[in-house]
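1. no sequence on this one, just coordinates:
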């Protein structure tokens, strides 16, 4: 196992959902952590002040700021991203900027500073409409169906090119959707938010039959750290996900049961939730499981943990309402 | 077959090697052609003035210029690119700008103008160190080994995402290296240029055993037009290449025989010509051959045609010398 004690680690997007859980774990393991975040989707509440924690509010598109953050660092977790899959068509350039140009800025800053270890959060949606399910890392060359996934594939390509050309070592994690405390977007959040407004009915994107895998964020962080310890090639690409998967309708049943509600369901129809949505997403995780890692929490526990968090974090809903008002006005 | 008569076609990079051959064919087929080129690697000599030909000198990174070029167009051939594979590590950002950001500018301009048909020159190097040779379009999800190929994969992802999200129709061609008149970079040009300076010796990158497929540019253009006529899905991805391939040493033998020279060969060593170079590149072209297309010219004819062109186009060497002088001083 890697000993993180005293390691200087930069976590971009460290105030976000997954990033802040990585920060918690790294600090618990003894690392000296720098969070770099623009707080557009991250929350100060997720990264309370602690010893060995430094927070930089900055923009990944600002090369000089990134260069300063990278200085003196041993290892980078690159989590900063535009994670809004569903709305990627409304702002295609933003997705490329925040997921690809930001990554290139980071890599260039690392190259200049001689920092060469980087873990990256990619996505299972890089497999597009997968023809093999569960989908292994070496699935047939996929066709990208969303600008979000295209931007992640592009960033993966940069990382591996830098590994080949500039002696970087990289860990690329293709995630299913995560669940758990601090999850502030995605289907559980969307359903919960709609039910806060009107608990008698619930609009469901698609036909409710989309079936996807989810992983608890704590299992995700364990898998990342275990992989970084065990997989030491220049390029390490790993699917991260649960062996289980769940239909939207079953997910809704868990949500409404947990909240004690019985809304009337209204389906927008079609097998996809949105343009480019993959109606079925289950990753083959044999590669990461071969390292000895197993998920400890069920998908249901992930959904319930997400809801419990949301019920006790009113600031999340407040920001969502504020952002929605700003977007429409 | 598509009737190109009167079709208004934009060719980005239309003053370049492959672009200018597409322009020739389209004009012969009756199309009304706009060339958009910044003449950084393209030549005025490749696109002599003709009826139904308009030339715009412009920069793909200048969104307003691209928007003007796209106006009123029916079909776009997007050939403008940074094609300097070998030196991609020296300027990684330039490669992303010219191959990805340029493509996004074009797609955004097309979307705004309601132009939705686009053919794109990708590359067989997107397959990285292919595990299956000859490599089919559905090869296992490759790991990118060069920023050049990563930028092309990224551009492919944008094109297919726009096809899914914005009803574009796209033809993506993954090329082997092309040969023939107007080829002003690549191994034949490099060897020829070195032999112009010193005909008694020749430096060879790698061990001379790299083995790759090449296609004559005239066969390439025929394949593109045949595919656009026959393949009418929203997303059409085709390898283009020869069924034959050739070792660097055999290629050198053809070059020196054609030039009547007997240089001493000096190998830099290693199985790769440069970082990220795939030592073996042969594409499975069953998909395009199923449409009835066949290459008409051998690789040897391609090499000889390239040399004949270079011998009669002194301006090509002059510019290369000028660029080299500018880069070094």
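-> Yep, it's here. It should be emphasised that the depicted structure is a prediction, and the values quoted were computed from it without experimental measurement.
2. so is the longest helix anywhere in chain A next to chain B?
-> Ranked by residue count, the top helix of chain A under DSSP state H comes out as helix A:147-166. Yes: residues of helix A:147-166 contacting chain B under C-beta under 8 Å from any C-beta of the partner chain: A:147, A:149-151, A:153-154, A:156-158, A:160-162, A:164-166. Any C-beta I mention is one placed from the backbone N, CA and C, and that applies to glycine too.
3. after that helix comes which helix or strand?
-> Elements were assigned by DSSP states H and E; along the chain past helix A:147-166, the next helix or strand is strand A:169-175.
4. tell me the angle that following strand makes with helix A:147-166.
-> With axes from the mean of the first three to the mean of the last three C-alpha atoms, to 10 degrees defining the directions, strand A:169-175 sits at 160 degrees from helix A:147-166.
5. and strand A:169-175, anywhere near chain B?
-> No: judged by C-beta under 8 Å from any C-beta, strand A:169-175 stays clear of chain B, getting no closer than 9.2 Å.
6. state the next helix or strand along the chain beyond that strand.
-> Toward the C-terminus, strand A:169-175 is succeeded by strand A:177-179 as the next helix or strand (DSSP H and E).
7. average model confidence for stretch A:38-49?
-> For stretch A:38-49, mean pLDDT rounds to 96.
8. what of stretch A:163-183?
-> Stretch A:163-183 comes out with an average pLDDT of 97.
9. ok, back up a step: top of the residues of helix A:147-166 next to chain B by neighbour count?
-> Across those, neighbour numbers were computed from other C-beta atoms under 10 Å in any protein chain shown; residue A:150 holds the maximum, 34 neighbours.
10. hang on, isn't that one packed against residue B:162?
-> No: Residue A:150 sits out of contact with residue B:162 when judged by C-beta atoms under 8 Å, with a separation of 9.3 Å.
11. residue A:13: neighbour count?
-> Neighbouring residues of residue A:13 were enumerated by other C-beta under 10 Å; the total is 27.
12. my read: it touches residue A:79, true?
-> Yes: using C-beta under 8 Å, residue A:13 makes contact with residue A:79 at a distance of 3.6 Å.
13. shared neighbours, those two?
-> residue A:19 (C-beta atoms under 8 Å, 6 or more residues apart in numbering or on different chains).
14. up against chain B, what does the stretch 101-250 of chain A have?
-> A:101, A:104, A:107-108, A:126-127, A:137-147, A:149-151, A:153-154, A:156-158, A:160-162, A:164-166, A:235, A:237.
15. ok, now which ones touch residue A:36?
-> Remark: with contacts taken as C-beta under 8 Å, 6+ apart, residue A:36 is in contact with A:10-14, A:56, A:58, A:60, A:65-66, A:69, A:80.
16. what's the distance between residue A:73 and residue B:4?
-> Counting by C-beta to C-beta, to the nearest Å, the gap from residue A:73 to residue B:4 is 56 Å.
17. cool, and residue A:210?
-> Here the distance between residue A:210 and residue B:4 works out to 42 Å (C-beta to C-beta).
18. kindly report the same for residue A:148.
-> Spatial separation of residue A:148 from residue B:4 under the definition C-beta to C-beta is 36 Å.
19. neighbour-wise, which of the two wins?
-> The neighbour count for residue A:148 versus residue B:4, taken as other C-beta under 10 Å, is higher for residue A:148 (28 against 21).
20. these two touch, right, the more buried one and residue A:95?
-> Yes: between residue A:148 and residue A:95 there is a contact under C-beta under 8 Å: 5.7 Å.
21. where do the contact lists of those two overlap?
-> Shared contacts of residue A:148 and residue A:95, counting by C-beta under 8 Å, 6+ apart, come down to A:82, A:88.
22. how's chain A carved up into domains?
-> Chain A breaks down into these structural domains: A:8-179+A:214-240, A:186-212+A:244-272+A:280-321 (assignment by automatic domain parsing).
23. just name the most buried of the ones you listed.
-> Comparing those on average neighbours per residue, with mean count of other C-beta atoms under 10 Å in any protein chain shown, the densest one is domain A:8-179+A:214-240 at a mean of 21.
24. now that one, how far from the chain's geometric center?
-> Counting by C-alpha atoms, centre = their mean, to the nearest Å, domain A:8-179+A:214-240 is centred 8 Å from the centre of its parent chain.
25. first to last residue in it, what's the distance?
-> Taking C-alpha to C-alpha, to the nearest Å, domain A:8-179+A:214-240 runs 25 Å from one end to the other.
26. save the domains of chain A as TSV, and put in distance to residue B:224 too.
-> Shown next, in TSV, are these (distance: least, C-beta to C-beta, whole Å):
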stretch	distance to residue B:224
domain A:8-179+A:214-240	19
domain A:186-212+A:244-272+A:280-321	31
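27. out of those, flag the one nearest residue B:251.
-> Comparison of the domains of chain A against residue B:251 by C-beta to C-beta identifies domain A:8-179+A:214-240 as nearest, at 24.5 Å.
28. my guess is residue A:160 contacts residue B:145. True?
-> Yes: with contact defined as C-beta under 8 Å, residue A:160 counts as touching residue B:145 (6.8 Å).
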